[in-house]
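Asks: Kindly return the folded structure for what I paste below:
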Amino acid sequence: MRVEGLSEVGNILRDMDRKVANKVRADMRASILPVASEIAGDVPATPPLSGMNHNGVTRWAGVPKASVSFTPGRARGGSTRILAMKFTGGSRTGGGIGFDYAELAGNSTRPGSKFTKVYERNGIPGFQHRVSGQGKAFNAGIRRAKPIKGKAGYFVFDSAVKRYKGIEGLGKRAIEKYMQDATQQIARLRAAR
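Replies: Numbers count the residues shown, from 1 in each chain. Below you'll find the model as predicted:
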């Protein structure tokens, strides 16, 4: 087998606008971000469990923020990925992280704590109590409020899995357009030489 014109194509590719790869990323992000926003919108604004309606760190903060990042590389387990959708429920300082707890309920294999962290009650510090099955009760409550297949991923993951084919199709279309544009540009540059 003889490979002809490989060095020529290599030179052409180096001469091409280096922003083309960034353009495919931007196109992919622009086409998939609305879907990510729809997925985030599937998360209920009201707490799924009555016990999450409070002002503490683990409060339900409502619909998460969605973002799409282009992160080529290898994911855990050996699978490849081109982009990632990220959904942020909140933070300990900037908002409740109840969404994060509810999304992952039942996913942890780590044994729970025997005692709570020391907390303050009515302005008096130093309170702590034994944890006696609250985690299991929380997981069971989320499962009753939002049944899913599998161990966890009750809101955004469940919604994303249902849209998987559409998301994959958008990504493929962006890559196919990039390949067509690159092929046309290579043909133009070769003809100009």
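Asks: ranges for the helices of the protein?
Replies: 6-15, 20-41, 98-103, 134-145, 156-162, 164-192 (DSSP state H).
Asks: Please name whichever of these is nearest to residue 49.
Replies: Among the helices of the chain, the nearest to residue 49 by Cβ to Cβ is helix 134-145 (5.0 Å). No exception for glycine: its C-beta is placed from N, CA and C like everyone else's.
Asks: buried stuff in that closest one?
Replies: For helix 134-145, the neighbour count (16 or more other Cβ atoms under 10 Å) marks 135, 138-139, 141-142 as buried.
Asks: same question, stretch 49-59
Replies: 49, 52, 58-59.
Asks: Residue 56 contacts residue 97, doesn't it?
Replies: No - counting by Cβ atoms under 8 Å, residue 56 does not reach residue 97; the two are 9.8 Å apart.
Asks: helices and strands of the chain: which one has the lowest mean pLDDT?
Replies: helix 6-15 (a mean of 62; mean pLDDT, DSSP states H and E).
Asks: Low-confidence bits of this structure, can you list those?
Replies: 1-21, 70-82, 92-94, 110-112, 132-133, 193 (pLDDT under 70).
Asks: any chance of the buried residues of helix 134-145 in a markdown table, plus distance to residue 178?
Replies: Formatted as a markdown table, the buried residues of helix 134-145 follow (distance: Cβ to Cβ, whole Å):
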| residue | distance to residue 178 |
| --- | --- |
| 135 | 46 |
| 138 | 45 |
| 139 | 43 |
| 141 | 46 |
| 142 | 41 |
